[in-house]
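Enquirer: fold the following and give me the result.
(one chain, ligands or ions: 1)
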Amino acid sequence: MTQENTQQDNGEKNVRDVIIVGSGPAGYTAAIYLSRAGYKPLVIAGALTPGGQLINTTEVENYPGFPDGVMGPDLMDSMQKQAEKFGAEIVFDDVVSVDFGDGSDAGAMKSVTCDQGDVYQAPAIVVTTGSNVRKLDVPGEKEYSGKGVSYCATCDGFFFRNKPIVVIGGGDSAFTDAEFLTRFGTSVTLIHRRDEFRAAKIMVDRAKANDKMSFMVNSVVDKINGEDGSAKSVIVRNVKTGETTEIPAAGVFVAVGNTPTTEFLNGALKLDQKGYIEVDGASTRTSLPGVFAAGDVVDSVYRQAVSAAGMGCRAALDAQEYLDSLQ
Ligand SMILES: Cc1cc2nc3c(=O)[nH]c(=O)nc-3n(C[C@H](O)[C@H](O)[C@H](O)COP(=O)(O)OP(=O)(O)OC[C@H]3O[C@@H](n4cnc5c(N)ncnc54)[C@H](O)[C@@H]3O)c2cc1C
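Expert: The predicted structure follows:
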(Lines give C-alpha, C1' and ligand atoms only; values in the text may rest on other atoms or scores of the structure.)
Protein backbone atom coordinates (compact mmCIF):
# COMPACT_ATOMS: atom_id res chain seq x y z
CA MET A 1 0.00 0.00 0.00
CA THR A 2 1.34 3.45 -0.83
CA GLN A 3 0.56 6.86 0.50
CA GLU A 4 0.12 10.09 -1.40
CA ASN A 5 3.52 11.73 -1.46
CA THR A 6 3.91 15.17 -0.03
CA GLN A 7 6.23 16.59 -2.69
CA GLN A 8 5.17 20.12 -3.32
CA ASP A 9 4.27 20.99 -6.86
CA ASN A 10 5.51 24.53 -6.54
CA GLY A 11 7.74 24.61 -9.58
CA GLU A 12 10.93 24.27 -7.57
CA LYS A 13 12.75 21.20 -8.80
CA ASN A 14 14.85 20.96 -5.67
CA VAL A 15 11.98 20.52 -3.22
CA ARG A 16 11.60 16.95 -1.97
CA ASP A 17 9.47 15.06 0.57
CA VAL A 18 12.46 14.04 2.64
CA ILE A 19 16.22 14.29 2.31
CA ILE A 20 18.57 11.62 3.62
CA VAL A 21 22.15 12.78 4.08
CA GLY A 22 24.56 9.82 3.86
CA SER A 23 24.51 6.47 2.08
CA GLY A 24 25.82 3.92 4.55
CA PRO A 25 23.61 1.12 5.96
CA ALA A 26 21.59 3.69 7.96
CA GLY A 27 20.97 6.00 5.00
CA TYR A 28 20.04 3.31 2.48
CA THR A 29 17.80 1.52 4.97
CA ALA A 30 15.96 4.79 5.69
CA ALA A 31 15.65 5.29 1.92
CA ILE A 32 14.20 1.79 1.40
CA TYR A 33 11.58 2.29 4.13
CA LEU A 34 10.59 5.82 3.11
CA SER A 35 10.31 5.01 -0.59
CA ARG A 36 8.26 1.89 0.17
CA ALA A 37 5.99 4.12 2.27
CA GLY A 38 5.22 6.18 -0.83
CA TYR A 39 7.60 9.06 -0.29
CA LYS A 40 10.27 10.12 -2.77
CA PRO A 41 13.42 10.41 -0.68
CA LEU A 42 16.49 12.14 -2.02
CA VAL A 43 19.69 10.48 -0.79
CA ILE A 44 22.69 12.80 -0.81
CA ALA A 45 25.24 10.02 -0.81
CA GLY A 46 28.51 11.85 -0.32
CA ALA A 47 31.10 12.45 -3.03
CA LEU A 48 34.08 10.51 -1.71
CA THR A 49 32.74 7.39 -0.01
CA PRO A 50 29.19 6.72 -1.18
CA GLY A 51 28.19 3.45 0.51
CA GLY A 52 29.97 4.45 3.71
CA GLN A 53 32.55 2.63 5.79
CA LEU A 54 31.86 -0.85 4.42
CA ILE A 55 33.12 0.27 1.04
CA ASN A 56 36.60 0.14 2.55
CA THR A 57 36.42 -3.39 3.87
CA THR A 58 36.61 -6.85 2.43
CA GLU A 59 34.44 -9.63 3.81
CA VAL A 60 31.55 -8.92 6.17
CA GLU A 61 30.66 -12.09 8.04
CA ASN A 62 28.20 -10.78 10.61
CA TYR A 63 25.51 -9.13 8.51
CA PRO A 64 22.42 -11.37 8.80
CA GLY A 65 21.25 -13.14 5.66
CA PHE A 66 24.66 -13.97 4.22
CA PRO A 67 25.76 -17.37 5.58
CA ASP A 68 28.85 -17.32 3.34
CA GLY A 69 29.69 -13.69 4.13
CA VAL A 70 29.46 -10.80 1.71
CA MET A 71 32.03 -8.32 0.44
CA GLY A 72 31.42 -4.86 1.96
CA PRO A 73 31.18 -3.05 -1.43
CA ASP A 74 28.76 -5.72 -2.76
CA LEU A 75 26.52 -5.36 0.29
CA MET A 76 26.37 -1.58 -0.15
CA ASP A 77 25.78 -1.90 -3.89
CA SER A 78 22.79 -4.17 -3.16
CA MET A 79 21.43 -1.69 -0.61
CA GLN A 80 21.73 1.14 -3.16
CA LYS A 81 19.91 -0.92 -5.82
CA GLN A 82 17.18 -1.87 -3.34
CA ALA A 83 16.62 1.81 -2.44
CA GLU A 84 16.56 2.85 -6.12
CA LYS A 85 14.16 0.03 -6.99
CA PHE A 86 11.52 1.59 -4.75
CA GLY A 87 12.07 5.10 -6.11
CA ALA A 88 14.81 6.72 -4.02
CA GLU A 89 16.82 9.30 -5.96
CA ILE A 90 20.54 9.46 -5.29
CA VAL A 91 23.00 12.28 -5.87
CA PHE A 92 26.71 11.84 -5.26
CA ASP A 93 27.61 15.10 -3.60
CA ASP A 94 28.51 16.34 -0.11
CA VAL A 95 26.31 18.55 2.00
CA VAL A 96 28.47 21.50 3.03
CA SER A 97 25.95 23.53 5.02
CA VAL A 98 22.40 23.32 6.35
CA ASP A 99 19.57 25.64 7.33
CA PHE A 100 17.15 23.75 9.55
CA GLY A 101 15.57 26.86 11.10
CA ASP A 102 15.04 27.20 14.83
CA GLY A 103 12.31 24.60 15.22
CA SER A 104 9.59 27.13 16.06
CA ASP A 105 7.56 26.50 12.88
CA ALA A 106 6.25 22.91 12.72
CA GLY A 107 6.59 21.57 9.19
CA ALA A 108 8.88 24.36 8.00
CA MET A 109 11.11 23.66 5.02
CA LYS A 110 14.70 22.81 5.85
CA SER A 111 17.45 23.25 3.31
CA VAL A 112 20.82 21.68 2.60
CA THR A 113 23.51 23.10 0.33
CA CYS A 114 25.79 20.77 -1.57
CA ASP A 115 29.41 21.17 -2.60
CA GLN A 116 28.45 21.56 -6.28
CA GLY A 117 26.16 24.47 -5.34
CA ASP A 118 22.78 22.70 -5.47
CA VAL A 119 20.35 23.58 -2.70
CA TYR A 120 17.65 21.05 -1.78
CA GLN A 121 14.68 21.59 0.51
CA ALA A 122 12.36 19.26 2.39
CA PRO A 123 10.16 19.35 5.49
CA ALA A 124 11.99 16.29 6.88
CA ILE A 125 15.69 15.46 6.99
CA VAL A 126 17.44 12.25 8.08
CA VAL A 127 21.12 12.66 8.93
CA THR A 128 23.15 9.44 8.58
CA THR A 129 26.67 10.72 7.97
CA GLY A 130 28.42 8.08 10.08
CA SER A 131 31.83 8.46 11.58
CA ASN A 132 35.46 8.16 10.62
CA VAL A 133 37.89 5.91 12.39
CA ARG A 134 41.08 7.69 13.42
CA LYS A 135 44.10 6.19 11.73
CA LEU A 136 47.71 5.74 12.81
CA ASP A 137 49.13 7.11 9.55
CA VAL A 138 52.14 4.80 9.58
CA PRO A 139 53.71 2.79 6.75
CA GLY A 140 51.88 -0.49 6.16
CA GLU A 141 48.57 0.66 7.67
CA LYS A 142 46.84 1.34 4.37
CA GLU A 143 48.54 -1.54 2.58
CA TYR A 144 47.39 -4.14 5.13
CA SER A 145 44.01 -2.61 5.94
CA GLY A 146 41.52 -5.49 5.74
CA LYS A 147 44.50 -7.89 5.58
CA GLY A 148 45.41 -7.84 9.25
CA VAL A 149 44.89 -4.17 10.07
CA SER A 150 41.38 -3.62 11.46
CA TYR A 151 39.37 -0.85 13.09
CA CYS A 152 36.63 -3.13 14.42
CA ALA A 153 37.33 -5.94 16.90
CA THR A 154 33.71 -7.12 16.92
CA CYS A 155 33.80 -7.42 13.13
CA ASP A 156 37.20 -9.00 12.62
CA GLY A 157 38.37 -10.67 15.85
CA PHE A 158 37.10 -14.02 14.62
CA PHE A 159 39.63 -14.00 11.76
CA PHE A 160 42.59 -14.12 14.17
CA ARG A 161 42.03 -17.33 16.05
CA ASN A 162 45.28 -18.73 17.46
CA LYS A 163 47.30 -15.82 16.11
CA PRO A 164 49.19 -12.99 17.86
CA ILE A 165 47.23 -9.74 18.09
CA VAL A 166 48.13 -6.17 19.01
CA VAL A 167 45.70 -3.43 19.99
CA ILE A 168 46.72 0.23 19.77
CA GLY A 169 45.05 2.69 22.14
CA GLY A 170 44.53 3.36 25.83
CA GLY A 171 40.86 4.25 26.25
CA ASP A 172 37.73 2.24 27.07
CA SER A 173 37.35 1.08 23.45
CA ALA A 174 40.91 -0.21 23.29
CA PHE A 175 40.45 -2.18 26.53
CA THR A 176 37.04 -3.52 25.51
CA ASP A 177 38.49 -4.61 22.17
CA ALA A 178 41.59 -6.13 23.77
CA GLU A 179 39.63 -8.16 26.27
CA PHE A 180 37.26 -9.39 23.55
CA LEU A 181 40.23 -10.33 21.35
CA THR A 182 41.74 -12.55 24.05
CA ARG A 183 38.99 -15.05 23.10
CA PHE A 184 40.71 -15.54 19.77
CA GLY A 185 44.38 -14.60 19.85
CA THR A 186 47.27 -16.57 21.29
CA SER A 187 48.32 -13.24 22.84
CA VAL A 188 47.03 -9.68 22.89
CA THR A 189 49.53 -6.86 23.34
CA LEU A 190 48.11 -3.46 24.11
CA ILE A 191 50.32 -0.61 22.89
CA HIS A 192 49.74 2.85 24.34
CA ARG A 193 51.65 6.10 23.79
CA ARG A 194 51.40 7.28 27.42
CA ASP A 195 52.17 5.52 30.70
CA GLU A 196 48.64 6.05 32.03
CA PHE A 197 45.47 4.70 30.52
CA ARG A 198 42.29 6.74 29.94
CA ALA A 199 40.17 3.59 30.35
CA ALA A 200 38.16 2.98 33.53
CA LYS A 201 40.27 1.49 36.34
CA ILE A 202 38.09 -1.61 36.54
CA MET A 203 38.76 -2.37 32.87
CA VAL A 204 42.49 -1.85 33.31
CA ASP A 205 42.55 -4.10 36.40
CA ARG A 206 40.63 -6.83 34.61
CA ALA A 207 42.94 -6.66 31.62
CA LYS A 208 46.01 -6.83 33.84
CA ALA A 209 44.64 -9.98 35.45
CA ASN A 210 44.16 -11.66 32.06
CA ASP A 211 47.03 -14.08 31.31
CA LYS A 212 46.80 -13.53 27.57
CA MET A 213 47.37 -9.79 27.82
CA SER A 214 50.56 -7.80 27.96
CA PHE A 215 51.20 -4.05 27.78
CA MET A 216 53.69 -1.76 26.10
CA VAL A 217 53.34 1.78 27.46
CA ASN A 218 55.09 4.96 26.36
CA SER A 219 55.14 3.22 23.02
CA VAL A 220 53.97 3.93 19.48
CA VAL A 221 53.74 1.80 16.36
CA ASP A 222 56.11 3.14 13.69
CA LYS A 223 55.45 0.57 10.98
CA ILE A 224 53.36 -2.48 10.12
CA ASN A 225 55.25 -5.22 8.31
CA GLY A 226 53.66 -7.88 6.15
CA GLU A 227 54.31 -11.18 4.48
CA ASP A 228 52.38 -12.78 1.59
CA GLY A 229 50.01 -9.80 1.49
CA SER A 230 49.00 -9.89 5.18
CA ALA A 231 50.22 -8.15 8.32
CA LYS A 232 52.92 -10.07 10.17
CA SER A 233 54.52 -7.79 12.76
CA VAL A 234 54.70 -4.24 14.06
CA ILE A 235 57.71 -2.07 14.83
CA VAL A 236 57.13 -0.47 18.23
CA ARG A 237 59.16 2.53 19.44
CA ASN A 238 59.48 3.49 23.07
CA VAL A 239 58.94 7.28 23.05
CA LYS A 240 61.07 7.74 26.19
CA THR A 241 64.12 5.68 25.22
CA GLY A 242 63.83 5.66 21.43
CA GLU A 243 64.40 1.88 21.49
CA THR A 244 62.53 -0.08 18.78
CA THR A 245 61.21 -3.64 18.99
CA GLU A 246 59.55 -5.85 16.38
CA ILE A 247 56.69 -7.88 17.75
CA PRO A 248 54.63 -10.48 15.86
CA ALA A 249 51.11 -9.36 14.98
CA ALA A 250 48.78 -11.10 12.53
CA GLY A 251 45.96 -8.85 13.76
CA VAL A 252 46.63 -5.12 14.29
CA PHE A 253 43.57 -3.49 15.86
CA VAL A 254 43.60 0.31 15.84
CA ALA A 255 41.42 1.71 18.64
CA VAL A 256 42.49 5.33 18.84
CA GLY A 257 39.03 6.80 18.42
CA ASN A 258 36.19 7.66 16.07
CA THR A 259 35.07 11.06 14.88
CA PRO A 260 31.37 11.49 14.09
CA THR A 261 30.83 13.40 10.83
CA THR A 262 28.97 16.50 11.94
CA GLU A 263 31.05 19.54 10.91
CA PHE A 264 28.69 20.36 8.01
CA LEU A 265 25.90 20.86 10.58
CA ASN A 266 27.79 23.84 11.99
CA GLY A 267 25.98 23.68 15.32
CA ALA A 268 22.46 23.29 13.85
CA LEU A 269 21.76 20.20 15.99
CA LYS A 270 22.53 19.48 19.62
CA LEU A 271 25.49 17.14 20.05
CA ASP A 272 26.44 15.09 23.09
CA GLN A 273 29.72 15.51 24.99
CA LYS A 274 31.57 13.25 22.58
CA GLY A 275 30.28 15.14 19.52
CA TYR A 276 27.62 12.61 18.44
CA ILE A 277 24.14 13.88 17.49
CA GLU A 278 21.84 13.78 20.50
CA VAL A 279 18.48 12.03 20.02
CA ASP A 280 15.40 11.87 22.19
CA GLY A 281 15.52 8.59 24.14
CA ALA A 282 15.04 5.51 21.99
CA SER A 283 13.75 7.61 19.08
CA THR A 284 15.79 9.18 16.28
CA ARG A 285 14.34 12.66 16.88
CA THR A 286 17.05 15.30 17.17
CA SER A 287 16.86 18.67 18.92
CA LEU A 288 14.88 20.09 15.95
CA PRO A 289 11.41 18.85 14.86
CA GLY A 290 11.50 17.19 11.44
CA VAL A 291 15.22 16.39 11.66
CA PHE A 292 16.15 12.80 12.48
CA ALA A 293 19.50 11.08 12.86
CA ALA A 294 20.63 7.46 12.70
CA GLY A 295 23.64 5.18 12.61
CA ASP A 296 27.22 5.82 13.69
CA VAL A 297 26.73 9.60 13.76
CA VAL A 298 24.47 9.01 16.79
CA ASP A 299 25.90 5.81 18.17
CA SER A 300 29.25 5.88 19.95
CA VAL A 301 28.73 2.41 21.42
CA TYR A 302 27.60 -0.30 19.00
CA ARG A 303 28.91 0.97 15.63
CA GLN A 304 27.87 -2.01 13.52
CA ALA A 305 26.35 -2.18 10.05
CA VAL A 306 23.29 -4.02 11.31
CA SER A 307 22.73 -1.63 14.23
CA ALA A 308 23.10 1.34 11.84
CA ALA A 309 20.61 -0.26 9.43
CA GLY A 310 18.19 -0.90 12.32
CA MET A 311 18.42 2.72 13.38
CA GLY A 312 17.93 3.83 9.76
CA CYS A 313 14.66 1.91 9.81
CA ARG A 314 13.62 3.69 13.02
CA ALA A 315 14.54 7.10 11.54
CA ALA A 316 12.41 6.36 8.48
CA LEU A 317 9.43 5.42 10.66
CA ASP A 318 9.90 8.54 12.80
CA ALA A 319 10.20 10.72 9.68
CA GLN A 320 7.15 9.04 8.15
CA GLU A 321 5.09 9.75 11.26
CA TYR A 322 6.24 13.37 11.15
CA LEU A 323 5.44 13.77 7.43
CA ASP A 324 2.04 12.11 7.88
CA SER A 325 1.26 14.57 10.67
CA LEU A 326 1.79 17.48 8.25
CA GLN A 327 -0.85 16.29 5.79
C1 LIG B 1 37.23 -1.15 7.93
C2 LIG B 1 35.87 -1.36 8.58
C3 LIG B 1 35.31 -2.61 8.60
C4 LIG B 1 34.06 -2.81 9.17
N5 LIG B 1 33.54 -4.07 9.17
C6 LIG B 1 32.31 -4.26 9.70
C7 LIG B 1 31.73 -5.57 9.70
O8 LIG B 1 32.35 -6.55 9.25
N9 LIG B 1 30.49 -5.70 10.23
C10 LIG B 1 29.80 -4.63 10.76
O11 LIG B 1 28.65 -4.82 11.20
N12 LIG B 1 30.33 -3.41 10.79
C13 LIG B 1 31.56 -3.19 10.27
N14 LIG B 1 32.11 -1.95 10.33
C15 LIG B 1 31.33 -0.86 10.94
C16 LIG B 1 30.27 -0.37 9.93
O17 LIG B 1 30.88 -0.13 8.70
C18 LIG B 1 29.59 0.89 10.45
O19 LIG B 1 29.04 0.65 11.73
C20 LIG B 1 28.46 1.31 9.50
O21 LIG B 1 28.95 1.49 8.18
C22 LIG B 1 27.81 2.61 9.97
O23 LIG B 1 26.82 2.93 9.04
P24 LIG B 1 26.27 4.41 8.89
O25 LIG B 1 25.21 4.32 7.85
O26 LIG B 1 25.90 4.96 10.20
O27 LIG B 1 27.47 5.32 8.39
P28 LIG B 1 28.66 5.12 7.35
O29 LIG B 1 28.79 3.76 6.85
O30 LIG B 1 29.83 5.77 8.02
O31 LIG B 1 28.20 6.05 6.13
C32 LIG B 1 28.19 7.43 6.24
C33 LIG B 1 27.75 8.01 4.92
O34 LIG B 1 27.63 9.42 5.03
C35 LIG B 1 28.20 10.03 3.88
N36 LIG B 1 28.56 11.39 4.24
C37 LIG B 1 29.41 11.81 5.22
N38 LIG B 1 29.44 13.16 5.25
C39 LIG B 1 28.57 13.59 4.30
C40 LIG B 1 28.16 14.87 3.85
N41 LIG B 1 28.63 15.99 4.40
N42 LIG B 1 27.27 14.93 2.84
C43 LIG B 1 26.75 13.81 2.29
N44 LIG B 1 27.10 12.56 2.69
C45 LIG B 1 28.01 12.47 3.66
C46 LIG B 1 29.34 9.12 3.48
O47 LIG B 1 29.65 9.29 2.12
C48 LIG B 1 28.69 7.76 3.74
O49 LIG B 1 27.91 7.41 2.66
C50 LIG B 1 33.37 -1.72 9.75
C51 LIG B 1 33.93 -0.45 9.75
C52 LIG B 1 35.17 -0.25 9.16
C53 LIG B 1 35.78 1.13 9.14
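Enquirer: pLDDT averaged over stretch 256-267 - what is it?
Expert: Averaging pLDDT along stretch 256-267 yields 95.
Enquirer: in it, what's buried?
Expert: By 16 or more other CB atoms under 10 Å, the buried positions in stretch 256-267 come out as 256, 258, 260-262, 264-265. For glycine as for every other residue, the C-beta is placed from the backbone atoms N, C-alpha and C.
Enquirer: redo the residues you listed as JSON lines? Include secondary structure and distance to the ligand.
Expert: Formatted as JSON lines, these follow (DSSP: H, G, I helix; E, B strand; the rest coil; distance: CB to the nearest ligand atom, whole Å):
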{"residue": "256", "secondary structure": "coil", "distance to the ligand": "13"}
{"residue": "258", "secondary structure": "strand", "distance to the ligand": "9"}
{"residue": "260", "secondary structure": "strand", "distance to the ligand": "9"}
{"residue": "261", "secondary structure": "coil", "distance to the ligand": "4"}
{"residue": "262", "secondary structure": "coil", "distance to the ligand": "9"}
{"residue": "264", "secondary structure": "helix", "distance to the ligand": "4"}
{"residue": "265", "secondary structure": "helix", "distance to the ligand": "9"}
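Enquirer: any chance of CSV for those, columns distance to residue 70?
Expert: Formatted as CSV, the buried residues of stretch 256-267 follow (distance: CB to CB, whole Å):
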residue, distance to residue 70
256, 28
258, 23
260, 26
261, 24
262, 29
264, 30
265, 32
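Enquirer: and stretch 152-160, what's buried?
Expert: For stretch 152-160, by 16+ other CB under 10 Å, it's 152-153, 155-157, 159-160.
Enquirer: do the same with stretch 295-304
Expert: Buried-residue list, stretch 295-304, by 16+ other CB under 10 Å: 295-300, 303-304.
Enquirer: ok, residues contacting it?
Expert: Residues outside stretch 295-304 that contact it (CB atoms under 8 Å, 6 or more residues apart in numbering): 22, 24-27, 53, 62, 127-131, 152, 154-155, 258, 260-262, 272, 274, 276-277, 279, 284, 307-308, 311-312.
Enquirer: avg pLDDT for that stretch?
Expert: Mean predicted confidence for stretch 295-304 is 94.
Enquirer: what do you get for stretch 16-28?
Expert: Here stretch 16-28 scores 98 as its mean pLDDT.
Enquirer: can you give me the offset of that stretch from its chain's centre?
Expert: Distance of stretch 16-28 from the chain centroid (CA atoms, centre = their mean, to the nearest Å) equals 14 Å.
Enquirer: that one and the ligand in contact?
Expert: Yes - contact of stretch 16-28 with the ligand is found when judged by CB under 6 Å from any ligand atom, involving 21-27.
Enquirer: taking the residues you listed together, which two end up most distant?
Expert: Farthest pair in these (CB to CB) is 21 and 25. Separation: 14.3 Å.
Enquirer: out of the two, which sits in the more crowded spot?
Expert: Neighbour comparison, residue 21 and residue 25: the larger count goes to residue 25, with 30 against 26 (by other CB atoms under 10 Å).
Enquirer: need the contact list for the more buried one.
Expert: Applying CB under 8 Å, 6+ apart, the residues contacting residue 25 are 52, 54, 76, 79, 295, 305-306, 308-309, 312.
Enquirer: now, among these, which is nearest to residue 96?
Expert: Distance to residue 96, by CB to CB, is smallest for residue 52 among these, at 18.4 Å.
Enquirer: confirm for me that that closest one is in contact with residue 21.
Expert: No - the criterion here is CB atoms under 8 Å, and residue 52 misses it with residue 21 at 11.9 Å.
Enquirer: which neighbours do those two have in common?
Expert: residue 27.
Enquirer: need the buried residues of stretch 295-304 in JSON lines (columns: secondary structure and distance to the ligand).
Expert: Listed next are those as JSON lines, based on three-state DSSP; distance: CB to the nearest ligand atom, whole Å:
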{"residue": "295", "secondary structure": "helix", "distance to the ligand": "2"}
{"residue": "296", "secondary structure": "helix", "distance to the ligand": "4"}
{"residue": "297", "secondary structure": "helix", "distance to the ligand": "6"}
{"residue": "298", "secondary structure": "coil", "distance to the ligand": "8"}
{"residue": "299", "secondary structure": "coil", "distance to the ligand": "7"}
{"residue": "300", "secondary structure": "coil", "distance to the ligand": "11"}
{"residue": "303", "secondary structure": "coil", "distance to the ligand": "4"}
{"residue": "304", "secondary structure": "coil", "distance to the ligand": "4"}
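Enquirer: that'll do, ta.
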